[in-house]
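Peer 1: A predicted structure for the sequence below; I have some questions about it.
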Amino acid sequence: MAAGMLAILAGAHDLLLVRMGLFGGAYYTRTPHAMFFFVVILAGLVVERYSRTVADYGALNASLSARVAEREEQLRGAFETVRLQQQEQAVLVERQRIMREIHDGVGSQLVGLLNVVTQPAPDRAVVEEHVKLALDEMRMAVDSLQPTQDDLSTVLATLRYRLQPRLDAAGIELVWNVALIPTIEPFAAQAALQLQRILLEAFTNVLKHAAATRIVMQVSWHGDEAPPLVRIVLTDNGRGLSRMTGGTGETSERVDAAARPAGHGISNMRSRAQAIGARLEIEPADDQAGGGTRVRLEWPCVMP
């Protein structure tokens, strides 16, 4: 304000005294000097305002950075809490799954074994069969805990390793024809266990009822179909469906016949296949000769 008043007074002085010659006149103008000081003061004001604005923005950025860091720390804490909760939930679910599998698998076999051994004259062969089935159930439950759920070939190879001694003891040749299966999306341990139980039931039916000497296991990948699927075909050269009878309620009819319902074993296979989204077909291996049985399982899988 002082510089502005000084410039106004200098302008009045030059107008009245120098230009108009009033009050005795004057020879030197004052306006250039007053304007110089006025411009210098204005420049100082601009610099001061700019410096203050920069300082304000710096303080604001620092405050925002502190708030962002605080929010990030809170989010990290929340994510860690959620991660721990999810981990605890996963452990709880896995523990419940293991208990359920032990109850439904090993427990049911032990109950059947108990019913057999409490009879006055238990059949040694039946007792031995129940013990083997209980061991197979326990081994599959243990195998399902291994981190191989994204490798179907390993799951099938583990089942072969478990069943090979029983097949050798029964004098059954196993032809293992498993093609190279590409990496598929990891599947749950429950799905791997259901798949193993389906195949275990198929092998057990051959061992108990078919009187076969040869089993062919074929596994192939069909990526050109929609959706891509794994096809598992188990074929034996036994007596066939029309002559098979069993002590577990298995029927002796063709599975696809609608006259009589399938037995518990086959119905369990179908329910397990449905649980993992697979399609199960059981049919005679040779319709003309009537010998042998073919179990076909088609399981849709997703590529990663």
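Peer 2: Yep, it's here. Note that the structure is a prediction, hence the values are computed from the model and not measured.
Peer 1: in the stretch 51-200 of the chain, what spans have low per-residue confidence?
Peer 2: Counting by pLDDT under 70, the stretch 51-200 of the chain contains low-confidence ranges at 94, 97, 100-101, 103-105, 140-150, 183-189.
Peer 1: swap the cut-off to 80 and go again
Peer 2: Under the criterion pLDDT under 80, the flagged ranges of the stretch 51-200 of the chain are 90-91, 93-113, 116, 125-126, 129-130, 132-152, 179-193.
Peer 1: all strands of it, in order?
Peer 2: Ranges of strands within the stretch 51-200 of the chain are 173-178, based on DSSP state E, counting those that start in this stretch.
Peer 1: so which residues of it form helices?
Peer 2: 108-117, 124-143, 152-169, 189-205 (DSSP state H, counting those that start in this stretch).
Peer 1: let me have these in CSV, extended by distance to residue 71 and mean neighbour count.
Peer 2: Every residue, glycine included, has its C-beta placed from N, CA and C. Putting the helices of the stretch 51-200 of the chain into CSV (distance: least, C-beta to C-beta, whole Å; neighbours: other C-beta atoms under 10 Å) gives the following:
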stretch, distance to residue 71, mean neighbour count
helix 108-117, 54, 15
helix 124-143, 46, 17
helix 152-169, 44, 16
helix 189-205, 38, 22
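Peer 1: same list (those) but as JSON lines, adding distance to residue 63.
Peer 2: Output for the helices of the stretch 51-200 of the chain, formatted as JSON lines (distance: least, C-beta to C-beta, whole Å):
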{"stretch": "helix 108-117", "distance to residue 63": "66"}
{"stretch": "helix 124-143", "distance to residue 63": "58"}
{"stretch": "helix 152-169", "distance to residue 63": "56"}
{"stretch": "helix 189-205", "distance to residue 63": "50"}
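Peer 1: between those, which gets nearest to residue 61?
Peer 2: Distance to residue 61, taken as C-beta to C-beta, is lowest for helix 189-205 among the helices of the stretch 51-200 of the chain, at 50.7 Å.
Peer 1: which residues does the next helix or strand after that closest one contact?
Peer 2: Counting by DSSP states H and E, the element after helix 189-205 in chain order, helix or strand, is strand 214-222. Residues from elsewhere that reach strand 214-222 (C-beta atoms under 8 Å, 6 or more residues apart in numbering): 152-153, 156, 160, 167, 172-182, 203, 206, 228-237.
Peer 1: between strand 214-222 and helix 152-169, how many degrees?
Peer 2: Orientation of strand 214-222 against helix 152-169 (axes from the mean of the first three to the mean of the last three C-alpha atoms, to 10 degrees) gives an angle of 170 degrees.
Peer 1: which residues touch the following helix or strand past strand 214-222?
Peer 2: Downstream of strand 214-222, the next assigned helix or strand under DSSP H and E is strand 229-236. Contacts to strand 229-236, defined as C-beta under 8 Å, 6+ apart, come from residues 152, 156, 181, 184, 199, 202-203, 206, 210, 212, 214-222, 285, 292-301.
Peer 1: cutoff 7 Å now
Peer 2: With C-beta atoms under 7 Å, 6 or more residues apart in numbering as the contact definition, strand 229-236 has outside contacts at 152, 181, 199, 202, 206, 210, 212, 214-222, 285, 292-301.
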